[in-house]
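>>> below are the sequence and a predicted model for it; my questions follow.
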Number of protein chains: 2
Amino acid sequence: MSQQVAPVALRDIQRPVAATLERVVDELRRIIAADFPVIAEVNEHLLRMKGKLFRPTLLLLSHQAAGGEEPRAVTLAAVVELIHLATLVHDDSVDHSALRRGMPTINALFSHQVAVIMGDYLYSRAIIELVALDDLEPLRVFARVTNEMTVGEMRQLEAHDKLAYGEAQYDALIRAKTASLLSGACEVGALRAARDCREALARFGMSLGMAFQITDDLLDYTQPQAVTGKPSGLDLKEHKVTLPLIAALARLAPGDRRLVELLMASPDPPDDLVAEVIRAVEAADGLEYARRRAQELAQQAETELETLSPSPARDALRDSIAYAVERHS
Amino acid sequence: MSQQVAPVALRDIQRPVAATLERVVDELRRIIAADFPVIAEVNEHLLRMKGKLFRPTLLLLSHQAAGGEEPRAVTLAAVVELIHLATLVHDDSVDHSALRRGMPTINALFSHQVAVIMGDYLYSRAIIELVALDDLEPLRVFARVTNEMTVGEMRQLEAHDKLAYGEAQYDALIRAKTASLLSGACEVGALRAARDCREALARFGMSLGMAFQITDDLLDYTQPQAVTGKPSGLDLKEHKVTLPLIAALARLAPGDRRLVELLMASPDPPDDLVAEVIRAVEAADGLEYARRRAQELAQQAETELETLSPSPARDALRDSIAYAVERHS
């Protein structure tokens, strides 16, 4: 993969669906609208911190690649972003995160209470919108996926502070937490396509999503705050065990392993200890191992696309793989 | 009402649907089952603290009173309790409550994080179960209701510490927070009945629910912890403004008003100050006013039942009104 594909900008991937994506933002605004003051304020903040619309992009590209031309795809794309937003709001509250995409989180800017309630508000709005489409199929997929995501969040709680946390558990975590929604986005985009096409896109989204999350976890080791909008080494600071550390632990020299134990035993690890552990993980090829796994998953995702007929949307989906594993933020 | 009806036990109300209610508990257990350890533990705790199944009771009685005999009513009844549970888990987390029904809350026993995630888990399970029924109508009602409940929770945040909080705002709050789900339970029970019957039961549930919540707010003024499972005067301690206080405020002598201001200004009001304010609210007929409003709403609820043909289930629904306004816990 990395040999064949030059770095890809999200904008390029979005080209085949650019016009539709603009309507997705309006649709999102319409769906979450509220006349209750606090809710309206939070909504404005959420729309300002609006992300890169990666999930709506995948949904719309899958739709197009599978030969769909339904107007409701705009609503479905808005809903997948809305579910993502609802999840972020609760995740930030659960993690006590203060920053997201370089902006204050809802729990930081308003309160923990507002964050819990707003997550519920956004999610129930998403369900209302899906019901209004008068079709149980998207509901079926998204209900399953959001339930998987809550199990993923529970797994995340377990991934703290545990040096015995293994790769199989990590895989189950990132499938549930991240990949399930990307898979759901692709599947919902192709709901009315032939079954093999729908299933291939669901599997594509799952492999892509796992590669995406591994890359995210790698960025925590490699990128400074200025690039990601989050402090670097934050996962380690918060005692979150991710793939680079899991891979490195098996091979760490006793002294370096002791450093990791020190970090995990420290309620608020100092920056130099975090930097030392990052160095040790890199020296034990933890980063390299994680990169290799991301590449393998990227390869699997690419294979799934072979089921589809050639189209600009299929090309964009292929490029989205490169984007997922090569991005810097 | 109170002249005609002797105190009613919930057990009596539940008689026409007693056999079905037992299956509701099994159904609830089936729906929330999980093989992930933390989730399974929380589930066990929730099932142990299982309440009085008032909402499933209303759903099943409405179903029967409207002439329904569908097996899926058991699942719908389990789902309405599940939605209620999900809401309680988040509410307790938002309110930092330590006790519920005399038992420790999820946030107290596990953690705030677990409570947020579990609420999401339970709610998404409810949606999955509704989707599996292959009918959009119950989903339509419950999605609307859960969204209203989140707006109600947001209103609740505003009902803190505000002596300018008025009765219209209080009404909007208790409709959204409590009555909407009772109304939804009654409506979903009667989804396949004639439209006038379905709508009458929805209105019945709304009036009943408002009377129910006013009574709940009164109990906070009148009942000791041993009876309700919650410390008495807790709402005042937490600066929650409810109907007895709203009604009394308009008539309080300046000295008593000053007591209320003192209480609201105190981050942790002492018990004797709480007791003084309760006395002042009672002296200004705040309790009496709230009781009268509950009775009016009870009367409205009773009127709605006239649309239905006579049946044991209709009688039980009538008794549920007396239960709602005359209960002591």
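Now that the structure is in, tell me what you want to look at.
>>> and chain A, which residues reach chain B?
For chain A, the residues found near chain B under the criterion Cβ under 8 Å from any Cβ of the partner chain are A:34, A:36, A:38-39, A:90, A:93-94, A:112-114, A:116-121, A:123-125, A:127-128, A:131, A:134, A:136, A:139-140, A:143-144, A:146-147, A:149-151, A:153-155, A:157-158. To be clear about C-beta, it is placed using only N, CA and C from the backbone, and glycine gets the same treatment.
>>> can you select the buried ones among the residues you listed for me in PyMOL?
Of these, the buried ones can be selected in PyMOL as follows, counting by 16 or more other Cβ atoms under 10 Å in any protein chain shown:
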select buried, chain A and resi 34+36+38+39+90+93+94+112+113+114+116+117+118+119+120+121+123+124+125+127+128+131+136+139+140+143+144+146+147+149+150+151+153+154+155
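>>> low pLDDT regions in the stretch 101-250 of chain A?
Within the stretch 101-250 of chain A, the stretches falling below the threshold (pLDDT under 70) are A:224-231.
>>> for it, which segments count as helices?
Assigned by DSSP state H, counting those that start in this stretch, the stretch 101-250 of chain A shows helices spanning A:106-109, A:112-132, A:136-158, A:167-174, A:180-189, A:195-222, A:225-228, A:234-237, A:243-249.
>>> most tightly packed of those?
By mean neighbour count, with neighbours taken as mean count of other Cβ atoms under 10 Å in any protein chain shown, helix A:180-189 ranks first of those at a mean of 29.
>>> nearest to B:Gly209, out of the helices of the stretch 101-250 of chain A?
Between B:Gly209 and the helices of the stretch 101-250 of chain A, the shortest separation by Cβ to Cβ is 18.2 Å, and it involves helix A:112-132.
>>> helices or strands up against that closest one?
Under the contact criterion of 3 or more Cβ pairs under 8 Å, 6 or more residues apart in numbering or on different chains; DSSP states H and E, helix A:112-132 touches helix A:18-32, helix A:37-48, helix A:73-95, helix A:106-109, helix A:136-158, helix B:73-95, helix B:112-132, helix B:136-158.
>>> what about the one residue in the stretch 201-329 of chain A that gets nearest to chain B, how many residues nearby?
When scored by Cβ to the nearest Cβ, the stretch 201-329 of chain A has A:Glu238 as its residue closest to chain B, at 12.3 Å. Each residue near A:Glu238 was counted by other Cβ atoms under 10 Å in any protein chain shown, and the total is 16.
>>> how about the contacts made by it?
A:95, A:160 (Cβ atoms under 8 Å, 6 or more residues apart in numbering or on different chains).
>>> for it, give its distance to A:Met264.
Note on A:Glu238: its distance to A:Met264, by Cβ to Cβ, to the nearest Å, is 11 Å.
>>> in CSV: the helices and strands packed on helix A:112-132, plus distance to A:Pro254.
Putting the helices and strands packed on helix A:112-132 into CSV (distance: least, Cβ to Cβ, whole Å) gives the following:
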stretch, distance to A:Pro254
helix A:18-32, 52
helix A:37-48, 47
helix A:73-95, 32
helix A:106-109, 40
helix A:136-158, 26
helix B:73-95, 42
helix B:112-132, 33
helix B:136-158, 52
